[in-house]
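Asks: this one's sequence-less:
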């Protein structure tokens, strides 16, 4: 079986995980989450790479690079760009790589402006509200989808 190439994209402010609003986002750091995904990926025959940026254009550039790199699937936590970025949506549509939208908190239990996502209707799946486990659930789900 071919080893899958999975890209995990983290949007703005996720570099502050572990210290940023731990009551909402938990105490795990982004480095902890990335390490867990790398380990899980190896056990599931997938190479996982991680990228975080606070800048919309850098996230878009990384998505374009993913197409050139032959990435098989994407897990993306667009953070605040979920609710504002048509450009991120367009980039995801333009590269035609299946992706899972991930959120640490349950966005539907939060402010009403967080209930709208510009990505959800074009995502292969959405996982929200399970803290850092949202990412591992997404990785397992994406790999299963890609293998089928």
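Replies: Yep, it's here. Since we're looking at a predicted model, the values are computed, not measured.
Asks: Tell me where the protein has strands.
Replies: Ranges of strands in the chain, per DSSP state E, are 4-10, 46-52, 73-77, 99-103, 125-128.
Asks: Include mean pLDDT and distance to residue 136 when you put the ones you listed into a markdown table, please.
Replies: For the C-beta atoms, the positions are set from N, CA and C on the backbone; glycine is no exception. Shown next, in a markdown table, are the strands of the chain (pLDDT from 0 to 100; distance: least, C-beta to C-beta, whole Å):
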| stretch | mean pLDDT | distance to residue 136 |
| --- | --- | --- |
| strand 4-10 | 98 | 11 |
| strand 46-52 | 98 | 11 |
| strand 73-77 | 98 | 10 |
| strand 99-103 | 96 | 10 |
| strand 125-128 | 95 | 9 |
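Asks: Give the residue spans of this protein that score low on pLDDT.
Replies: The model of the chain has pLDDT under 70 over residues 1, 20-26, 108-115.
Asks: ok, now with 80
Replies: Scanning the chain with the threshold set as pLDDT under 80 gives 1, 19-27, 105-116.
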